[in-house]
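1. Show me the folded form of this:
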Amino acid sequence: MGNGDIRVRGLAARAGGWSARHRWAAVGIWVLFVVLAMGLGSAAGRVDVKDSDQLKGETHTAARIIEDAGIDEPAGETVLIQARGGELKATDGEFRDAVDAVVRAVRETGRVTEVTSPYDTKTISRDGRSALVQFDVRGEPDTAGERIEPVLKAVEGVQQDHEALRIEEIGGASMMKTFDDAFGDDFKKAEYSAVPVAFGILLIAFGALVAALLPVALAITAIMATMGLMGVVSHFQPMSETANSVMLLVGMAVGVDYCLFYLRREREEREAGRDAQTALRIAAATSGRAIVVSGVTVCVAMAGMLFTGLAEFEAMGLASLMVVAVAMVGSVTVLPALLSLLGGRVEKGRIPFLRRRKRGGGNGGGTGGGQDSRFWTAVLRRVLAKPVVAVVVAAGALLAITAPALGMKTQQLTLDQEFGDSLPIVQTYNRLNDAFPGGSEPAEVVVKARDINAPEVKSALADFRDRAISSGASRGPVEIKLHDAQNVAFVYVPLVGGSDLDKAGASLDKLRDEVRPATLGKVDGVEAPITGQVAGSQDFNDQLAGAVVPVFAFVVVFAFALMLLSFRSLTIAITSIVLNLLSVGAAYGILVAVFQHGWGASLVGAEGVGAIITWLPLFLFVILFGLSMDYHVFVVSRIREARLRGLTTNDAIRHGVVTTAGVVTSAAVIMVAVFAIFGTLSMQSMKQMGVGLAAAVLIDATIIRGVLLPAVMALLGERNWYLPKWLHRLPDLTHDETPQAVAAASAREGEGEPLKV
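-> The predicted structure is shown next:
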């Protein structure tokens, strides 16, 4: 464990030293980089993921056929006309008058086309109490929600004239408008509130305005630069709005964390009696190195999403990877320059009622003691006194929390699961599905033929329509729309099962495996992929299931290798992986307990969800595995640093955990607060993401880093630093620097001897 080489080594130390000596140049380069990135991104524009790139399988094939044919499917809308009591039927005069009034009212808006009456299309329920008027919205489907309001008002007018009936509109455009109105501002507030929340917590942690502003400024500039880079990169890997939101969350979390680690260490060293230059160099060589190790590990974890084959995941992974890399580079370059420029002025803007407690000064060798935490000192005393008990209790608790995850059920959330009864349109959705099972989300068969009007093709289409109903996959009506010029037909099949995705999935399988081969499958040259929401959900699940093992293996293996090379300890690498997996498992368990089983669900407004949204487990694994490394690398680096100075393993553990407790707590509180904001949104998928991330970070910063890690390391003792002889030939990426080595080098430079790098 000794280190007789007192040269200042390592990328972070070199970058920090250069930036401190050339501070204006470092700041100028960073500002130029951010401005150029934003300018290039603005000039290039952003390319978003296309429907045809979203998934593989039949959903992808269907989207490709539609795209190649140049067909823009309009946004379809439906007006449900339903008797409130049991007396009126669709054959009654009052009911017919209402249908005619709806058809006339929507046509007169001039915003719709292809208006159909239920008496022509036979879209009347079996009990005769419900009927559907269907039409398409003119113009681009992606912006249909912006043009649908006059139509909605026209339908509301008809409703006022026919109180004995329930007349309600639902469809792609009306749902788009409803969601934008209800949740568009909600999302923006959540994203924008992340900055003031983080700043407020930093203000409490540092007690000074300038010190609190630095981490936020670094995070924001890193996010701005990454947004520009996303525009450039999107021409090679398309991006999305979801990737943008995830990038903002991750960028705020790691940007603030990295700056917090660096700034806290620099302040600790100054308060321990170091001069400003030496304190800055120690921070660069110690916390700077921890930031580089952590950043590279997080980038590797985020890169795992590139192996899913899902365009949305690939966009999220690449965007997250870029923002972490940018924040990491900024932390070890422009941050030391800013601290060098500010000097003691970093304490400007002191908040009178937030006076800091005095920090521990020398604690053996002038290590910069750090802030003593009475709470964690007391916890550590008990943990290190009885490490076996601590391991059994902490690990047992985490395994108990993880247990519900064994019964995890994942699926794409239906409209009523996603929003509950918080919106009137959800009730319309449920009533429509009750009257016309699967009618709100029919399967869509995209038929491509050499000649769509050929007799054998028309016969196969008619046969498919009949067998879809006779097979029990659908109760009808099955609608066929021909696009003669493109030789394409769309067949809309309401699936038996409706909003019950398990039953609807069985109906879809019957269409794909039985009905299609017996009809359309017998015609040469015909392609007939089946898409739609149920099909998309099934294809997504199948593709995601195939990606789980490669992504998990990639992230775990590469994280293990990085920890092994960075700490040159097989034991540290293994325990890092195990502890991170425990943290992720506990997050899964909490998600299943709350959102699937409903334990304490009312506390977060999640009653009745019953499942975890499909994309979340893999997303959480990658994000949490990466973010968990922040704390782990930071704490273990401090423990290793103390051990290199000659402290016993137990003393090094105590020193490392206690001196990092303040910064880890502050960083965790910021992350939990930012993620919890998303847990307050009305969309259940966003609640699940926010609650899962917040719970995992909280567990990771307390039980894992404060109890389990020190207890396990205390039990292992000197075996913590074990590296088999056959691994000694591995590259040495440790670059460990003790404060004494850096101080000695700094002193020599002050006496005129050039600093060796």
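2. So which residues of the protein form strands?
-> For the chain, the strands defined by DSSP state E cover 76-83, 112-116, 130-137, 165-171, 410-411, 443-448, 479-483, 488-493, 530-531, 612-613.
3. Now render the ones you listed as CSV, adding mean pLDDT.
-> Output for these, formatted as CSV (pLDDT from 0 to 100):
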stretch, mean pLDDT
strand 76-83, 91
strand 112-116, 90
strand 130-137, 91
strand 165-171, 91
strand 410-411, 82
strand 443-448, 92
strand 479-483, 88
strand 488-493, 91
strand 530-531, 90
strand 612-613, 88
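4. Longest helix in this structure, please.
-> The single longest helix within the chain, with elements called by DSSP state H, is helix 533-567.
5. How many neighbouring residues does the residue lying closest to residue 61 once chain neighbours are set aside have?
-> Of all residues beyond its chain neighbours, the one nearest residue 61 is residue 529 (4.1 Å), with distances taken as Cβ to Cβ, 6 or more residues apart in numbering. All C-beta spots, glycine's among them, are computed from the backbone N, C-alpha and C. Neighbours of residue 529 under the rule other Cβ atoms under 10 Å: 22.
6. What of residue 561?
-> Residue 561 has 14 neighbours, counted by other Cβ under 10 Å.
7. what ranges do the helices span in the stretch 201-350 of the chain?
-> With helices called from DSSP state H, counting those that start in this stretch, the stretch 201-350 of the chain shows them at 209-233, 241-271, 276-285, 287-303, 311-332, 334-342.
8. on that earlier part again, closest to residue 220 out of the strands of the chain?
-> Of all the strands of the chain, it is strand 612-613 that lies closest to residue 220, at 29.5 Å by Cβ to Cβ.
9. burial count for residue 385?
-> Residue 385 has 11 neighbours, counted by other Cβ under 10 Å.
10. One more: the one 4 residues further on?
-> A count of neighbours around residue 389, defined by other Cβ under 10 Å, yields 12.
11. which residues sit in contact with the closest residue to residue 667 other than its chain neighbours?
-> Of all residues not flanking residue 667 in the chain, residue 257 sits nearest, at 4.6 Å (Cβ to Cβ, 6+ apart). Under the criterion of Cβ atoms under 8 Å, 6 or more residues apart in numbering, the neighbours of residue 257 are 630, 667, 670, 671.
12. What distance do you get for residue 257 to residue 198?
-> 10 Å (Cβ to Cβ, to the nearest Å).
13. and for the two, which residues touch both?
-> The contact sets of residue 257 and residue 198 overlap at residue 670 (Cβ under 8 Å, 6+ apart).
14. Point out the other helices and strands that the longest helix of the chain packs with.
-> helix 57-69, helix 287-303, strand 410-411, strand 443-448, helix 501-510, helix 570-591, helix 616-644 (3 or more Cβ pairs under 8 Å, 6 or more residues apart in numbering; DSSP states H and E).
15. From residue 655, how far out is residue 699?
-> 24 Å.
16. what about residue 503, neighbour count?
-> Other residues close to residue 503 by other Cβ under 10 Å number 16.
17. Run a quick check on it versus residue 497, I expect a contact.
-> Yes: counting by Cβ atoms under 8 Å, residue 497 is a contact partner of residue 503 at 2.9 Å.
18. In space, not sequence, find me the middle residue of this structure.
-> Centroid-nearest residue in the chain, with Cα atoms, centre = their mean: residue 246, separated by 4.9 Å.
19. Surely that one is in contact with residue 320?
-> Yes: applying Cβ under 8 Å, one finds residue 246 in contact with residue 320, separated by 5.9 Å.
20. overlap in contacts of those two?
-> Residues within reach of residue 246 and of residue 320 at once, by Cβ under 8 Å, 6+ apart, are residue 623.
21. Including distance to residue 108, could the helices and strands packed on helix 533-567 go into TSV?
-> Formatted as TSV, the helices and strands packed on helix 533-567 follow (distance: least, Cβ to Cβ, whole Å):
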stretch	distance to residue 108
helix 57-69	31
helix 287-303	52
strand 410-411	41
strand 443-448	29
helix 501-510	36
helix 570-591	49
helix 616-644	45
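22. Adding distance to residue 724 and mean neighbour count, write the strands of the chain out as CSV.
-> CSV is the format used below for the strands of the chain (distance: least, Cβ to Cβ, whole Å; neighbours: other Cβ atoms under 10 Å):
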stretch, distance to residue 724, mean neighbour count
strand 76-83, 65, 24
strand 112-116, 72, 16
strand 130-137, 67, 24
strand 165-171, 64, 23
strand 410-411, 40, 18
strand 443-448, 57, 25
strand 479-483, 67, 16
strand 488-493, 61, 22
strand 530-531, 53, 24
strand 612-613, 40, 24
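23. so where's the stretch 651-757 of the chain uncertain?
-> Scanning the stretch 651-757 of the chain for pLDDT under 70 picks out the ranges 732-757.
24. what ranges do the helices span in it?
-> Along the stretch 651-757 of the chain, the segments classed as helices by DSSP H, counting those that start in this stretch run 684-699, 709-716, 739-750.
25. now residue 375: how far from residue 702?
-> If you go by Cβ to Cβ, the gap between residue 375 and residue 702 works out to 11 Å.
26. the more surrounded of the two?
-> Each of residue 375 and residue 702 has its neighbours counted (other Cβ under 10 Å); residue 702 has more, 17 against 11.
27. what about the helices of the stretch 201-350 of the chain, which gets the closest to residue 520?
-> By Cβ to Cβ (comparing all of the helices of the stretch 201-350 of the chain), the closest turns out to be helix 311-332, at 27.9 Å.
28. Check which helices and strands the closest one sits against.
-> Looks like helix 311-332 contacts helix 11-21, helix 51-54, helix 209-233, helix 241-271, helix 287-303, helix 616-644 (3+ Cβ pairs under 8 Å, 6+ apart).
29. Check which residues of the fourth one are buried.
-> By neighbour count, with 16 or more other Cβ atoms under 10 Å as the criterion, the buried positions of helix 241-271 are 242-271.
30. again with the third one
-> Of the residues in helix 209-233, those with enough neighbours to count as buried (16+ other Cβ under 10 Å) are 209-231, 233.
31. who's in contact with the nearest residue to residue 133 once chain neighbours are set aside?
-> Excluding the flanking residues, the one nearest residue 133 by Cβ to Cβ, 6+ apart is residue 79, at 4.3 Å. Shown in contact with residue 79 (Cβ under 8 Å, 6+ apart): 102, 106, 132, 133, 134, 155, 167, 168, 169.
32. at 6 Å what do you get?
-> Residue 79 makes contact with 102, 133, 155, 169, according to Cβ atoms under 6 Å, 6 or more residues apart in numbering.
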